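Participant: just the structure for this:
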Amino acid sequence: VVLMTIQMQSGVQSRQQVVLSTVVYVCCYAFTVVIMTQFYTDPTGTAHWQGNVLEPAIKLEQEVVACTCLLLVGCVSFYMLLVYIKKYSQAVADREKSLLDVQEANIELRREIVEMREADAATNNVDVDSPLTKVIESLRHIEADEHTTQDVRNELDTIIRILASNHTATDFVLADNDQSMDKQTNEWLHDMLQVKQTSEKAKPVAGRVSSSTSVGFLQGNLTNRRRKSVVDIMEEGGVVPLSSHVDFTADMKAQLQNVNSIEFDIFAFARATGGRPLFFLSYYLFKQHNLIDMFDMSESHLKNFLVQIEDGYRADNPYHNSMHAADVLQFMNYILGKEPILRCLNAVDILAAVVGCIVHDFAHPGVNNTYLMNTSDPLAILYNDKSILENHHASASFKILLQPDCNIFSGVDRAQYKQLRESTLSNVLATDAAQHFDYLGKFKAKLAAGDFDMEDDADRRMVTAFATKCADMNNPSRPSALSREWTARIMNEFFMQGDQERKLNIPISMFMDRSNTDIPKCQIGFIDFIVKPIFDAWKPFFDISDAVEYIVKNRAMWEQMSKDNERERRQEVEVTIPNGVPDDGAGAD
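Facilitator: Purely as a prediction, here's the structure:
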């Protein structure tokens, strides 16, 4: 048994060899037993090998025969063991030689690669390898090094597979958090990020919307006033408009005293401007940042541009209107007021950031990209289902900008215009919610590597694009009264889309069904998975603790509201149970 175990552990025998060896062992053992039974007897006359007392006493010739048989078995076993050991040793030697051959081939391949690169450098060939390709190649070299342990090789292989995979940062984030979020939040995130779910579409959970989140609450202060002309507004305020600049009423100036604060009240400012918050705030910030003089702008072109852009925002959208654009612009101004980031950006970056915020939702139809795709809208066909609205905002606004009487970039040279357009488009396209985690992942990776070079146009463009994303979802970072007003507006717009989806008999998007949406749960998910991570990412750049503090307070407010709603639902269920019926639903047969 011991010899057979050694033989099988050697790992070099085929099944036929093992069977043959087993037969040889059994035959040797049987032969020995047969020979010994010719000399050994016991009282029973049958069980020769069971260890009973033997009679008569063993004679010398019997001992000779027994020893001879044992010697025979031993010699055969030793010979076979020697054969197997030689075979195993040869196999190990062959394996070692193969490994050495592979290492030699690897060294030769590295040498050839070095020679090829030196030859390319000598002939001025362009290096077309992407940074990701170079990273993977470096990891492969480390993995192939003879001093790298197997555990490290396994870890490197995992890293390489992740880097080379087709999955986006969005896929990894959703996979990591899939078990930690409830079904409704999970489905809402998939809808917002335009990621297909493998499971069946979750059905909305029926439930009553409490009075604090009712449609009546959402419709408060949402009346859309007719926009007045800029001249009408200034004349009503007792201000005579000058030909070369815009004057502000006393009420506007009072509101603008707070323009650099996170507590700026855009609703009060909109009322002060008679429904023209984007025009007046934009003009004010162009002046404050000295952009008109630095880029040799025509003030008449600027005013025409701002008027046409504000008119292009639909006033009947509860949320995506010119007031939202003005709010995003003010938050960008709040970020630009932070000394560390302002010191990193040049005038082109600031102008692109300001213009990007002004136009980032231009001509918004009041529905999201998913709706446009599900209805095969012409915009979805035009932009091939990729960042549909964001491409539309950018394209439509540049058509306005390039009109001769609206071209605020007419005073710059071709190189500056190219840089301004590229940065502005980058800022607008960054607001696509489907790309949220990809932008966040790249930004945090840059920070973690300490690899931001503010002399590089691409890195500065990444900063302003990320700032635009942050500004576009700043609502939870405002004081609670302002944050709740914005929530009322976005949920009304969601419900309007849900009503359209119901009429068209297409799936109603999560949190867009006015009959059963849990608004506090929607806001908690929005803060936890979208807003808080993107605000936390700014910490290495500058201090925005005042904004983060409001985010924490508003989340606590929605958390408490969610608990109150749950308590009210439980109370309603208890009231509807008839007297005499047990709470567990058990009844008499």
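Participant: what pLDDT does E422 get?
Facilitator: If you check E422, the pLDDT there is 97.
Participant: wait, V102
Facilitator: Confidence score, pLDDT, at V102: 81.
Participant: cool, and the one 10 residues further on?
Facilitator: What the model reports as pLDDT for E112 is 78.
Participant: tell me, how many residues neighbour H324?
Facilitator: Neighbourhood size, H324 [other Cβ atoms under 10 Å]: 24. All C-beta spots, glycine's among them, are computed from the backbone N, C-alpha and C.
Participant: now swap in the one 3 residues further on and tell me
Facilitator: The criterion is other Cβ under 10 Å. On that basis, D327 has 27 neighbouring residues.
Participant: thought it was touching I266?
Facilitator: Yes. Counting by Cβ atoms under 8 Å, D327 touches I266, with 4.4 Å between them.
Participant: the stretch 451-589 of the chain: helices as residue ranges?
Facilitator: Using DSSP state H, counting those that start in this stretch, the helices of the stretch 451-589 of the chain run over 457-472, 480-503, 519-526, 532-536, 545-576.
Participant: with distance to T431 and mean pLDDT as extra columns, can I get those in a markdown table?
Facilitator: Formatted as a markdown table, these follow (distance: least, Cβ to Cβ, whole Å; pLDDT from 0 to 100):
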| stretch | distance to T431 | mean pLDDT |
| --- | --- | --- |
| helix 457-472 | 5 | 95 |
| helix 480-503 | 14 | 97 |
| helix 519-526 | 15 | 93 |
| helix 532-536 | 12 | 94 |
| helix 545-576 | 18 | 87 |
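Participant: nearest to L139, of those helices?
Facilitator: Among the helices of the stretch 451-589 of the chain, helix 457-472 comes nearest to L139, with 23.9 Å by Cβ to Cβ.
Participant: excluding its backbone neighbours, what's nearest K532?
Facilitator: Nearest non-adjacent residue to K532, counting by Cβ to Cβ, 6 or more residues apart in numbering: I551, 6.0 Å away.
Participant: got it, and T464?
Facilitator: Leaving aside its sequence neighbours, T464 sits nearest to A353 (Cβ to Cβ, 6+ apart; 4.5 Å).
Participant: now name the helix or strand holding that neighbour.
Facilitator: Here A353 sits within helix 347-359, counting by DSSP states H and E.
Participant: quick one: buried residues of that helix?
Facilitator: Using 16 or more other Cβ atoms under 10 Å as the test for burial, helix 347-359 gives V348, D349, I350, L351, A352, A353, V354, V355, G356, C357, I358, V359.
Participant: correct me, but the second one touches S423?
Facilitator: Pointing back at D349 there. Yes. Using Cβ under 8 Å, D349 makes contact with S423 at a distance of 6.4 Å.
Participant: joint contacts of these two?
Facilitator: R461, T464 (Cβ atoms under 8 Å, 6 or more residues apart in numbering).
Participant: avg pLDDT for whichever strand or helix holds D157?
Facilitator: Using DSSP H and E, D157 sits within helix 150-164. Averaging pLDDT along helix 150-164 gives 77.
Participant: verify the stated contact: D528 with R555.
Facilitator: Yes. Counting by Cβ under 8 Å, R555 is a contact partner of D528 at 7.5 Å.
Participant: so those two - more neighbours on which side?
Facilitator: Comparing D528 with R555 by neighbour count (other Cβ under 10 Å), the higher total belongs to R555, at 19 against 15.
Participant: what sits against the closest residue in space to the more buried one that isn't next to it in sequence?
Facilitator: Leaving out its chain neighbours, the residue that sits closest to R555 by Cβ to Cβ, 6+ apart is I527, at 4.8 Å. Taking Cβ under 8 Å, 6+ apart, we find I527 in contact with P476, I551, N554, R555, W558.
Participant: highest neighbour count among the residues you listed?
Facilitator: P476 (26 neighbours).
Participant: and it, how far from F331?
Facilitator: Per Cβ to Cβ, to the nearest Å, P476 is found 12 Å from F331.
Participant: ok, now K97?
Facilitator: 68 Å.
Participant: which of these two has more residues huddled nearby?
Facilitator: Per other Cβ under 10 Å, whichever of K97 and F331 has more neighbours is F331, with 25 against 10.
Participant: where's the more buried one relative to W486, distance?
Facilitator: Applying Cβ to Cβ, the value for F331 to W486 is 12 Å.
Participant: do the same with Q416
Facilitator: The gap separating Q416 from W486 is 35 Å, by Cβ to Cβ.
Participant: cool, and I524?
Facilitator: 15 Å.
Participant: and the pLDDT at K59?
Facilitator: Listed pLDDT for K59 reads 60.
Participant: please apply the same query to I6.
Facilitator: Looking at I6, its pLDDT is 61.
Participant: before we move on, what about K338?
Facilitator: In this prediction, K338 carries a pLDDT score of 91.
Participant: in terms of contact, does it touch K539 like I think?
Facilitator: No. Contact criterion Cβ under 8 Å: K338 and K539 do not qualify, at 11.8 Å.
Participant: residue contacts, the nearest residue to A467 once chain neighbours are set aside?
Facilitator: Sequence neighbours aside, I335 is the residue nearest to A467 in space, at 5.0 Å (criterion: Cβ to Cβ, 6+ apart). Counting by Cβ under 8 Å, 6+ apart, I335 touches I341, A467, C470, A471, I544.
Participant: which ones are touching the spatially closest residue to H392 that is not a sequence neighbour?
Facilitator: Spatial nearest neighbour of H392, chain neighbours left out: L379 (5.4 Å); criterion: Cβ to Cβ, 6+ apart. Counting by Cβ under 8 Å, 6+ apart, L379 touches P365, L372, I388, L389, H392.
Participant: what's near enough to touch the last one?
Facilitator: Pointing back at H392 there. By Cβ under 8 Å, 6+ apart, H392 lies in contact with A363, L379, L382, Y383.
Participant: mind checking how far it is from I381?
Facilitator: Taking Cβ to Cβ, one finds H392 at 12 Å from I381.
Participant: and for the fourth one?
Facilitator: L389 is 14 Å from I381, where distance means Cβ to Cβ.
Participant: who's more crowded, these two?
Facilitator: The neighbour comparison of L389 against I381 (other Cβ under 10 Å) goes to L389, with 26 against 12.
Participant: quickly find the element holding the more buried one.
Facilitator: Assigned by DSSP H and E, L389 belongs to helix 388-401.
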